[in-house]
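**Q** curious how this folds, go ahead:
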Amino acid sequence: MVDEPVVTREIKDNLAIIALDRPEKRNALSNAIFVGLQEAFTDIPDSVDVVIITGKGDHFCAGLDLAEYKLKPAYEGMLYSRWGHKLFDSIQYCGRPVIAAMQGAVIGGGLELASCAHIRVADRTTFYQLPEGRRGIFLGGGGTVRIARLIGVGRLTEMMLTGRRIDVDRGEQLGLSHYVVDPGKSMETALEIAKNVAANAKISNYMMLNALSMIEDMPAQAGLFAEAVASALTLTSPDAQQGIDAFLTRNKK
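**A** I've put the predicted structure just below:
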């Protein structure tokens, strides 16, 4: 008997929809899900311009599946965390904009996963939580970097110390989501945004995804130089010329 996949990938025109498919476990992150995500983000067809990641059922992702967790020697635990870092890097830097369509629980590792996305859409059932302290564990999927960049180290520290639940409106205020929509509408909205983003020039999207995050880590003058290089590369591309010509043509009418 072949096990049902716990991660699915569907190609719709120039969009890829990647979904966690363990609704009975609130899409908790198992080893099988990690492997499934690794496979889903490998060899994405060149025709795909935008990726949407979501969770099937009522929840986006409730974090690490503690039922699978076993006490490991420190070295093995570190390697496991580094595997997660490599996986989540492959999502953030898959070469395409990634949009998270969220609902229900976005907890622990689920929030780390969502923070890999460049745009996050939350419906009104969404809530966020980092309860690792109550479990005697610590973030291990890159959240200390990615989530801290979204909300600041101080707020991340408070979320981890208290383990309190953050509702969808507060989450938007903090920067955990960019859009809040009615219940059940996160995928619909994500698709609309994806089609809009896919209409951008590919080189412009690529620079936005890669140059901005790297410039953030640079000293100011180095960042400005990198900006000039990115600007020159985009302005001299065929896509830029077509876009400028189209803009000028519209303005003449």
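
**Q** who's in contact with the helix or strand in which residue 101 is found?
**A** Using DSSP states H and E, residue 101 sits within strand 98-102. Outside of strand 98-102, the residues within contact range by CB atoms under 8 Å, 6 or more residues apart in numbering are 50-55, 60, 91-92, 113-114, 116-123, 126, 177, 186-187, 189-190, 193-194, 197. No exception for glycine: its C-beta is placed from N, CA and C like everyone else's.

**Q** give me the angle between the host helix or strand of residue 75 and strand 98-102.
**A** In this structure, residue 75 sits in helix 74-92 according to DSSP H and E. Note on geometry: by axes from the mean of the first three to the mean of the last three CA atoms, to 10 degrees, helix 74-92 and strand 98-102 are set 100 degrees apart in direction.

**Q** okay, and which of the contacts of strand 98-102 map to helices?
**A** Under the assignment DSSP state H, the contacts of strand 98-102 contribute 91-92, 113-114, 186-187, 189-190, 193-194, 197 to helices.

**Q** so what's residue 211 closest to, chain neighbours aside?
**A** Excluding the flanking residues, the one nearest residue 211 by CB to CB, 6 or more residues apart in numbering is residue 230, at 4.3 Å.

**Q** buried sites along the host helix or strand of the one you found?
**A** In the assignment (DSSP H and E), residue 230 maps to helix 220-235. Residues of helix 220-235 classed as buried: 223, 226, 230, 234 (neighbour count, 16 or more other CB atoms under 10 Å).

**Q** now the angle between helix 74-92 and the helix or strand residue 35 falls within, please.
**A** Using DSSP H and E, residue 35 sits within helix 31-40. Helix 31-40 runs at 40 degrees relative to helix 74-92, counting by the same axes, to 10 degrees.

**Q** other SSEs contacting helix 31-40?
**A** With contacts defined as 3 or more CB pairs under 8 Å, 6 or more residues apart in numbering; DSSP states H and E, the packing partners of helix 31-40 are strand 7-12, strand 15-20, helix 74-92.

**Q** ok, 6 Å please
**A** strand 7-12 (3 or more CB pairs under 6 Å, 6 or more residues apart in numbering; DSSP states H and E).

**Q** can I get the buried part of the ones in helices among the contacts of strand 98-102 as one PyMOL selection?
**A** Per 16+ other CB under 10 Å, the buried members of these correspond to this PyMOL selection:
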select buried, resi 91+92+113+114+186+187+189+190+193+194+197
